[in-house]
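> sequence plus predicted model, see below.
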Amino acid sequence: MKAKDKLRVSWCKKEDTLLYHYPLGSQTRCDGGFLSGRITEALANELEERGYDKTTLKFSIEPKKGDERFASQRED
């Protein structure tokens with residue numbers, strides 16, 4: 001099961017594009033937008049040209065414990 005409070009990006013084989021997932025909470029949607037400006041399809045395509053399988057691309061990062069921006073409010 002994927003943690004719902006992680007900021008994530010992964011390749012969607014069905015749609016043949018990157019999917020961005022952002023956690024619930026105050027202003028985290030902008031974090032998804034920030035990530036989409038860094039991890040792009042152009043980056044995935046460049047990595048594929050260098051011999052990597054872009055369909056395996058996955059990135060995730062967890063919120064800090066106790067950060068008030070996140071709905072989950074992870075424990076310290």
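Cool, got the structure.
> state the distance from the residue lying closest to residue 22 once chain neighbours are set aside to residue 50.
Leaving out its chain neighbours, the residue that sits closest to residue 22 by CB to CB, 6 or more residues apart in numbering is residue 32, at 3.6 Å. Every C-beta, even on glycine, is put in place using the N, C-alpha and C of the backbone. Distance of residue 32 to residue 50, given as CB to CB, to the nearest Å: 26 Å.
> repeat for residue 37
Where residue 50 is concerned, residue 37 sits at a distance of 21 Å (CB to CB).
> same check on residue 43?
Residue 43 is 11 Å from residue 50, by CB to CB.
> and those two? Which one has more around it.
residue 43 (13 against 7; other CB atoms under 10 Å).
> how many neighbours does residue 69 have?
13.
> correct me, but it touches residue 26?
Yes - using CB atoms under 8 Å, residue 69 is in contact with residue 26, at 4.8 Å.
> does residue 15 count as helix, strand or coil?
Secondary structure, DSSP: H, G, I helix; E, B strand; the rest coil: residue 15 is coil.
> low-confidence stretches in this structure?
Applying pLDDT under 70 to the chain flags residues 1-3, 72-76.
> kindly recompute the last result at 80.
1-4, 25-27, 69-76 (pLDDT under 80).
> give me every residue that touches the residue sitting nearest the centre point of it.
Central residue of the chain (CA atoms, centre = their mean): residue 8, 2.0 Å from the mean position. Residue 8 sits next to 2, 20-21, 58-61 when contact means CB atoms under 8 Å, 6 or more residues apart in numbering.
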